[in-house]
Each structure stands twice: as structure tokens, then as C-alpha cells.
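[1] Below: sequence and its predicted model.
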Amino acid sequence: MKLFFRKYGEAGPPMVIVHGLYGSGDNWVSIARELASDFEVFVVDQRNHGRSPHSDEHDYPSMRDDLKEFMDENGIEKAVLLGHSMGGKTVMFFAEAWPRRVQSMITVDIAPKPYRDLALQSNFAANHAKMIDAMLEVDLSKMETREEIDRALRPSIGSGRIRGFLMKNVDRDQDENFQWRINLQALRNHLDDIFDGLDTDRIIRNGGITGFPALFIAGAKSDYIQAEDHELIKSVFPAAEIVTIPGAGHWLHAEKPELLVKNIRYFLDR
């Protein structure tokens, strides 16, 4: 699949930034510009998101292969891979398949484990399903303003911040009618795949994924990377370092961008 991307910077080694669920490369433009002085930064839209093509398939092997195709088409033999949440899983799956094409790997607030258990314990899965269902139920053909869309989502999605984030996926088609840029039905159908993780038992038996330095960045206020995950992370990625950013939840790039960039630079400068 030919992914849409933006590029920032001309000097330095290539870096590819991969966004998370419901996101797009747009969410990472400010971070990319900060890093563009030292890297040739590519910010991609994953399948079924942003301006990339839609597909009925949405799982990590597919997204991993999309990333390889993107690198092949753009002549990127080896890169620093930076992924957030679902994008972090994408780069982990890539690193397992093609470790020699990874210069360094940075994942933001995601561990290599599956998240199905967390989903069951915290209604995480139910919340995602509820949000997607709420978006699917909005008849955009009857909406004339973004405020009307926001009001339609409000009964099901009470957080104005979350609604604002989701509504970044609303744009207009060639007839000036509102549309969702994300493929909601495919995401709904593949939530279980999105919660999937690496085959950690097999990877650990084989000595882990090695050959490059790795950094896992966690948000202190997020439950995506917990203290008990640290041993697993270091067993799967023996060269991994783990840092926690204080005061940050899951969306570190929006909540603590300066601290995020500082940690990325410190890791890569070493």
C-alpha cells in the first residue's frame, strides 16, 4: 500500500514517525519540525488513516509490510523508527521482521504485549467500540457545521478533548460534504487485531530482538506501560531503555512535547 507522507529536513539520517489509532501524521508535524535540524524526517499516515488508502485489512503484519514498502519506495535502507501506540506496535513488528533496517527504535507509550486483558479489565475495548459506533451513527450528510457534529457525538463521547481529537478526522469531499478520513468500519472490525501484541514467548526463547538500541517512553499518568511490563520489554528487546515522562498521559506528543523531544534527542545523541 502506498502511504501518504510528509517530509521535513534534508540533513542527517532518515527517521520515520508512525502515528497511533485515530491519528495521522498531522499530529506529529510539530515534533517532526523540531527534529528536522538533525534528521531527514518522514511522517506517514498509516492505512485507513489520514490521507492514505483504505483497506478492509487492518492488522500489524499489514501495517508492518506497508512500512517496508514505504521505505523501499523512498530508498530508505535503514532508519530511526519512532512509533506512538498502534504505530509503536507497527515499528516493533517491523523490527522483528527486518532488524537490520532499524538504526534505532523509539516507541511511545506502548509495550510489546497484547492489550486484550487490559481491555477486559478497564472497558478499554468497549470504549473504543463505543466511540467508533458513535462516529458511524452520525449522519454527516445532514451536518452543515463542525459544531453540529460535535453536538451529535457529545451524548456518547463526553470528553470534549477526545471529541476534538476524533474530529480532526473530519474533512470535506469534492462536493463540500463532510466525511470521515478514517475507515471506521475497518477499524471497528479489527479492534481485536489492534489490541494484539508480538509473540513474546517465541521471541524471548530465540534470544530477543537485537541489533539496534531501543527506547520505550511511557507517560506517568498512562496505564499502557506499567511497572510489571519493564521485565517483558527488556526480555523482548534486550538493548531497551525505559523512561517515564512525568505529568503525561497517553498522548505525550500533545501533552509534553518539549520533554518528549528532549528524551528522544538525548537517546539518539548517545
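    Received, thanks.

[2] Poorly predicted segments of the stretch 101-250 of the chain, please.
    Within the stretch 101-250 of the chain, the stretches with pLDDT under 70 are 117-126.

[3] In three-state terms, how would Val243 be classified?
    Using DSSP: H, G, I helix; E, B strand; the rest coil, the structure places Val243 in strand.

[4] what pairs with it across the strands?
    Ile217 (DSSP bridges).

[5] Quick check: it touching Asn263?
    Yes - contact criterion CB atoms under 8 Å: Val243 and Asn263 qualify, at 5.5 Å. For the C-beta atoms, the positions are set from N, CA and C on the backbone; glycine is no exception.

[6] quick one: the helices in the stretch 1-150 of the chain?
    29-35, 60-73, 86-97, 116-122, 124-137, 146-153 (DSSP state H, counting those that start in this stretch).

[7] all strands of this structure, in order?
    5-8, 14-18, 40-44, 79-84, 102-108, 170-172, 178-180, 214-219, 240-245 (DSSP state E).

[8] now the longest one against strand 79-84, angle please.
    Comparing the axes of strand 102-108 and strand 79-84 via axes from the mean of the first three to the mean of the last three CA atoms, to 10 degrees yields an angle of 10 degrees.

[9] Remind me what strand 102-108 packs against, helices and strands.
    strand 79-84, helix 86-97, strand 214-219, helix 257-269 (3 or more CB pairs under 8 Å, 6 or more residues apart in numbering; DSSP states H and E).

[10] Measure how the last one sits relative to strand 79-84, angle-wise.
    Between helix 257-269 and strand 79-84, the angle comes out at 150 degrees (the same axes, to 10 degrees).

[11] Now helix 257-269: buried residues?
    Using 16 or more other CB atoms under 10 Å as the test for burial, helix 257-269 gives 259-260, 263-264, 267-268.

[12] Mind listing residues that contact it?
    30-31, 34-35, 38, 80, 82, 104, 106, 108, 213, 215, 217, 241, 243, 245-246, 248, 252-253 (CB atoms under 8 Å, 6 or more residues apart in numbering).

[13] That concludes my questions; thank you for your assistance.
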